[in-house]
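Enquirer: Need the 3D shape of this:
(one chain, ligands or ions: 2)
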Amino acid sequence: MTTPLLELRNLHVEADGAAILRGVDLVVNAGEVHALMGPNGAGKSTLANVIMGHPGYVITEGSLRFQGEDIANWTPDERARAGVFLAFQYPESISGVSVVQFLRQAIASCKGLDELSILEVRLDLMEWMDRLGMDPAFAERHLNEGFSGGERKRNEVLQMALLAPALALLDETDSGLDIDALRIVARGVRTVRDEHPDMGVLVVTHYVKLLEEIKPDRVHVLIDGRIDTSGDASLAQTIEERGYDELRRPVGL
Ligand SMILES: Nc1ncnc2c1ncn2[C@@H]1O[C@H](COP(=O)(O)OP(=O)(O)OP(=O)(O)O)[C@@H](O)[C@H]1O
Ligand SMILES: [Mg+2]
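Expert: Residues are numbered from 1 along each chain as shown. Ligands and ions are numbered 1, 2, ... in the order given. Sure thing, here's the model as predicted:
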């Protein structure tokens, strides 16, 4: 048997003293795309944050393994360098930094490099923007100048494409995404995966439409801090039709 890329066993997580995840089991193998769905407040973002090592979240029980190693005590930097990626949410206070400059910093910090040629990053970036059907002017946009939810997503997808991590975690932005932004994300995940077939992806989303295009190998539903149901891509459709309430109750009860 091959070692899973990501393996969570009975994971319990607290934030601010409150139990949020209460025994999550999840295995993502290299090359697989998994989707995580579930009602607001179920703990989806908490799960993404704890995999990344966000200091606000404490593992109280269970294990978190990446490529066979227990990474629970690794710093976020160590995880990023090992190939775990959650799109950086840039602080609002950054000003005057363009997308291309920001990506250069993000790549350098993930790869543990001090310097990275701006020319190289720019060429790579232009190629990816072309493949993903993005307007080249986006590279010159300044991060602080009122990025919409969709623009943040484009920035995230570009980070994923340029970093080519072993495991990419994509969490939804707070604001709704329009159909173009959904397409960028779906196309981004598919195109980047095609180029890196061993990459594992965990997409957190409420959008069934997105999953129709991404075609995940597995869909999981997180309810009250536990994975309640898992299934193939058709599970997303069932949820769309029936909502989460029905899943909570076993049929016949
Ligand atoms: N740092 C924190 N401190 C205290 N409570 C937190 C913290 N982070 C998350 N929570 C709480 O944990 C629960 C799960 O939050 P989380 O953001 O993981 O949900 P979610 O499934 O991502 O929801 P959504 O679909 O709305 O994005 C919520 O009740 C939230 O208020
Ligand atoms: Mg969330």
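Enquirer: could you dump the lowest-mean-pLDDT helix or strand in the chain to PDB, C-alpha only?
Expert: Of all helical and strand segments in the chain, the minimum by mean pLDDT, DSSP states H and E falls on helix 245-248, at a mean of 76. In PDB, the C-alpha atoms belonging to helix 245-248 read as follows (Å, rounded to 0.1, in the frame of the first residue of the first chain):
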ATOM      1  CA  ASP A 245     -30.800  18.100   7.100                       C
ATOM      2  CA  GLU A 246     -31.700  14.900   5.600                       C
ATOM      3  CA  LEU A 247     -28.200  13.600   5.700                       C
ATOM      4  CA  ARG A 248     -28.100  14.200   9.500                       C
END
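Enquirer: Now that helix: buried residues?
Expert: Of all the residues in helix 245-248, those buried under the rule 16 or more other CB atoms under 10 Å are Leu247. To be clear about C-beta, it is placed using only N, CA and C from the backbone, and glycine gets the same treatment.
Enquirer: How about stretch 30-42?
Expert: In stretch 30-42, counting by 16+ other CB under 10 Å, buried: 30, 32-39, 42.
Enquirer: Is it positioned near ligand 1?
Expert: Yes. Stretch 30-42 comes into contact with ligand 1 (CB under 6 Å from any ligand atom), by way of 38, 40-42.
Enquirer: got CSV for those, with distance to Leu163 too?
Expert: Below are the residues of stretch 30-42 next to ligand 1 laid out as CSV (distance: CB to CB, whole Å):
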residue, distance to Leu163
Gly38, 27
Asn40, 29
Gly41, 30
Ala42, 28
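Enquirer: nearest to Gln67, of those residues?
Expert: Nearest to Gln67 among the residues of stretch 30-42 next to ligand 1: Gly38, at 26.0 Å, using CB to CB.
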